[in-house]
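pasting the structure only:
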């Protein structure tokens, strides 16, 4: 059984941490604040392990400049324009935290909640959190769960679920920043990225989707073939865009998942392949880091890590042409993210191999 330790406290509330380990050299640390991944140790081509996710040593940092680092974001990950939407004819007003926009659930989203550790072992941990009605403005009481589970073959499965007692909207995302060379080792611009996405969502100046679903072909958003991240920047701020995953669901590692992303570091030979049940992938290249204090004395400069956030489409409650984010009583929201760090793929099909036919979103 994994040992639960103290990571400090927020006011009078203690914040717990625990570590998981697999039999293949993969191990990780988790924090109850935000049901957060704080360390992820993965071997390179020579078997040498490194911690490949960004993080912090102090709880105060996770509450200020590092609040989304490694966290489970919700109730609604990404952006909702104007911090408002209509549900069943009634306007819902939310707490804003990015100008007039709500980002990642608001100023006190799930990333700032101290989750309960409901169950754990050497290879898994389940966090739970109750979000009351009107929390950050959202209707309905939501019961949220997040489980991290190490599987055989250098795999990590993250499962996020929710139920509600009244109609609401839900969109969770896992928000680790990955650097396959090791956290604090420099930028990720030489990492090679390939995505199973032939379309993306253009955004306006406030990073809100325009409603258009645009092809990636012949643009900086075309990662249908692997290329260095730094070779495909749409501007000086890099990427902060949602890609539309167009493969149909298939049976991978006992779950219904679709191919998503393949990230590789030529320098170390480490590779991350992702499958998901979600319809979108937000790619954020971390332009906001600016000499930020990280773990173990590390400093994070621009592009120190890349976030690969599987999720629903941003601003979906205001965009009738996007897949719905609605959750009703009696339903269960279930979002899976499978990360594979092994030399071989998690299933018979590579996560970004060409699809035999266009899949529906």
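Structure's in. What do you need? All values derive from a computational prediction rather than experimental measurement. Residues are numbered from 1 along each chain as shown.

which strand residues bridge residue 126?
Judged by DSSP bridges, the bridge partners of residue 126 are residue 119, residue 147.

wait, doesn't it sit right on residue 158?
No: counting by C-beta atoms under 8 Å, residue 126 sits too far from residue 158 to count as a contact (11.1 Å). Heads up, the C-betas are built off the backbone N, CA and C, glycines and all.

now do the shared contacts for these two.
146-147 (C-beta atoms under 8 Å, 6 or more residues apart in numbering).

distance of residue 309 relative to residue 106?
Relative to residue 106, residue 309 is positioned 17 Å away (C-beta to C-beta, to the nearest Å).

one more: residue 92?
Distance, residue 92 to residue 106, by C-beta to C-beta: 12 Å.

and residue 151, by the same measure?
Distance from residue 151 to residue 106, by C-beta to C-beta: 33 Å.

more neighbours: which of the two?
Comparing residue 151 with residue 106 by other C-beta atoms under 10 Å, the one with more neighbours is residue 106, at 24 against 19.

could you tell me how many residues sit around the residue lying closest to the more buried one once chain neighbours are set aside?
Of all residues not flanking residue 106 in the chain, residue 136 sits nearest, at 3.6 Å (C-beta to C-beta, 6 or more residues apart in numbering). Neighbourhood size, residue 136 [other C-beta under 10 Å]: 20.

what residues are up against residue 136?
Contacts of residue 136 by C-beta under 8 Å, 6+ apart are 75, 94-95, 102, 105-109.

what about burial for those residues, which qualify?
Neighbour counting by 16 or more other C-beta atoms under 10 Å classes 75, 94-95, 102, 105-106, 109 among those as buried.

redo those as CSV? Include distance to residue 184 and secondary structure.
Formatted as CSV, the buried ones among the contacts of residue 136 follow (distance: C-beta to C-beta, whole Å; DSSP: H, G, I helix; E, B strand; the rest coil):
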residue, distance to residue 184, secondary structure
75, 32, coil
94, 35, coil
95, 33, coil
102, 31, strand
105, 28, coil
106, 30, coil
109, 26, coil
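
one step back: mutual contacts of residue 92 and residue 106, please.
What both residue 92 and residue 106 touch, as defined by C-beta under 8 Å, 6+ apart, is the set residue 137.

helices of the protein, start to end?
Listed in chain order, the helices of the chain (DSSP state H) span 59-62.

so where's it uncertain?
Filtered on pLDDT under 70, the chain yields the residue ranges 343-361.

picking up where we left off before, and the contacts of residue 136, which is closest to residue 41?
Among these, residue 109 lies closest to residue 41 (C-beta to C-beta), at 27.6 Å.

now the strands for the stretch 1-150 of the chain?
Counting by DSSP state E, counting those that start in this stretch, the stretch 1-150 of the chain has strands at residues 4-10, 13-21, 27-31, 36-43, 49-51, 72-73, 79-80, 84-87, 90-93, 102-103, 116-120, 124-131, 142-151.

pick the most buried one from the ones you listed.
Mean neighbour count (mean count of other C-beta atoms under 10 Å) peaks for strand 72-73 among the strands of the stretch 1-150 of the chain, with a mean of 28.

partners of it, with directions?
strand 173-174 (antiparallel).

quick one, what contacts residue 9?
Shown in contact with residue 9 (C-beta under 8 Å, 6+ apart): 15, 59.

who's it bridged to?
Judged by DSSP bridges, the bridge partners of residue 9 are residue 14.

quick revisit: okay, the strands of the stretch 1-150 of the chain in TSV with distance to residue 262 next?
Below are the strands of the stretch 1-150 of the chain laid out as TSV (distance: least, C-beta to C-beta, whole Å):
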stretch	distance to residue 262
strand 4-10	33
strand 13-21	24
strand 27-31	21
strand 36-43	15
strand 49-51	19
strand 72-73	23
strand 79-80	26
strand 84-87	34
strand 90-93	38
strand 102-103	27
strand 116-120	30
strand 124-131	25
strand 142-151	18
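
of those strands, which is nearest residue 208?
Nearest of these (C-beta to C-beta): strand 79-80, 5.9 Å.

contact partners of that closest one?
So strand 79-80 is contacted by 94, 98, 101-103, 206-208, 314-315, 317-318 (C-beta under 8 Å, 6+ apart).

swap in stretch 208-215?
79, 81, 101, 198-204, 221, 242, 244, 313-315, 319, 321-322.

rerun at 10 Å
78-82, 101, 198-204, 221-222, 241-242, 244, 313-316, 318-322, 361 (C-beta atoms under 10 Å, 6 or more residues apart in numbering).

in strands, which of those residues fall?
Of the contacts of stretch 208-215, the ones assigned to strands by DSSP state E are 79-80, 198-200, 241-242, 244.

which one of those sits closest to residue 165?
residue 80 (21.2 Å).

who's that closest one bridged to?
On the basis of DSSP bridges, residue 80 is bridged to residue 102.

distance check, it against residue 172.
Where residue 172 is concerned, residue 80 sits at a distance of 14 Å (C-beta to C-beta).

now swap in residue 54 and tell me
20 Å.

look at these two and report which has more neighbours.
Taking other C-beta under 10 Å, residue 54 and residue 172 do not tie; residue 172 has more neighbours (30 against 26).

what about the closest residue to residue 184 other than its chain neighbours, neighbour count?
Leaving aside its sequence neighbours, residue 184 sits nearest to residue 298 (C-beta to C-beta, 6+ apart; 2.6 Å). Residue 298: 19 surrounding residues under other C-beta under 10 Å.
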